[in-house]
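[1] Provided below for reference: sequence and predicted model.
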Amino acid sequence: GIDEVVDARVVGRDDDAPALVVGRVPVGGHARRACDLRLQPDVADFANANLREWGLERRAHVEPGDVRDRKPEPEFDLVTFHNNIYYFPVAERVALLRHARGFLRPGAAIVITTACGGGSPTSIGLDIWSAGTERCGRLPEPEELVVQMREAGFDDARASSLFPGEKYYAFFARRPASGG
């Protein structure tokens, strides 16, 4: 799963690596210490109840709110956006990524997973939906999102196809170790 990809390629096996997870309840491998941001308060409440029931409340918590409204403090080793970059308009993505960079410690990583334009009928349908939905944006093209990550000030931005024959990618980049 995606947790194994994140562990293997980005954060290693540090059990104390704090992560900011935007829009995905953190319960997998990389969620050793995680904060998840959700737009809907009732979803955050439900997720926190599940985390308590599962005994994970010391490892993770979910806060209601929009990541764009949270003041960035460089306290995380990882920021993730899983299957939600298309909820942000294309014209706002560089600013969003620059803001997300502010949550990362120097040298820390961002990971984005998403379907990209084209691909399966499901991806095409998602692209049509997101492009036509107010305050959302179309699916990115792989090179386009890599360029946006670089424009936002990240180093080593790259895309990696996760499924052969499918246009589903993981995007990786790092906050510069100094000066950024």
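    Yes, it's here. Residues are numbered from 1 along each chain as shown.
[2] Any buried residues in whichever strand or helix holds F46, and which?
    The secondary structure element spanning F46 is helix 41-53 (assigned by DSSP states H and E). Of all the residues in helix 41-53, those buried under the rule 16 or more other CB atoms under 10 Å are A44, A47, N48, L51. For every residue, glycine as well, the C-beta is placed using N, CA and C.
[3] quick one, phi/psi of L20?
    Backbone dihedrals for L20, given as degrees, to the nearest 10, come out at phi -110, psi 110.
[4] ditto for R101
    Residue torsions, per degrees, to the nearest 10, at R101 are phi -60, psi -30.
[5] For L97, see how far away D155 is.
    13 Å (CB to CB, to the nearest Å).
[6] cool, E73 as well?
    E73 sits 17 Å away from L97, taking CB to CB as the criterion.
[7] Compare those two (neighbour count), which wins?
    L97 (26 against 10; other CB atoms under 10 Å).
[8] Now do the same for the residue lying closest to that one once chain neighbours are set aside: its pLDDT.
    In space, L97 comes closest to A152 once its chain neighbours are excluded; the distance is 3.5 Å by CB to CB, 6 or more residues apart in numbering. Model confidence at A152, expressed as pLDDT, equals 98.
[9] From what I see, A152 and G102 are in contact.
    No - the pair formed by A152 and G102 falls short of the contact definition of CB atoms under 8 Å, at 10.2 Å.
[10] Would you mind telling me which of those two has the busier surroundings?
    A152 (20 against 15).
[11] Please name the residues that touch that one.
    The contact partners of A152, by CB atoms under 8 Å, 6 or more residues apart in numbering, come to V94, A95, L96, L97, R98, A100, R101.
[12] Now do the same contact list for the first one.
    V94 makes contact with Q148, E151, A152 under the criterion CB under 8 Å, 6+ apart.
[13] List the buried residues for the helix or strand harbouring it?
    For V94, the host element (DSSP H and E) is helix 93-101. For helix 93-101, a neighbour-count test (16+ other CB under 10 Å) marks R93, V94, L96, L97, R98, H99, A100, R101 as buried.
[14] Kindly report the same for stretch 126-134.
    Taking 16+ other CB under 10 Å as the neighbour-count basis, stretch 126-134 is seen to contain the buried residues L126, D127, S130.
[15] Can you check what pLDDT the model gives the most centrally placed residue in the chain?
    In the chain, the centroid-proximal residue (CA atoms, centre = their mean) is F81; its distance is 1.4 Å. According to the model's per-residue confidence, F81 sits at a pLDDT of 91.
[16] Wait, a strand at it?
    Yes - following the definition DSSP: H, G, I helix; E, B strand; the rest coil, F81 is counted among the residues of a strand.
[17] you'd agree it is up against Y87?
    No - using CB under 8 Å, F81 and Y87 do not qualify as a contacting pair, with a distance of 9.0 Å.
[18] Kind regards, and thank you for your time.
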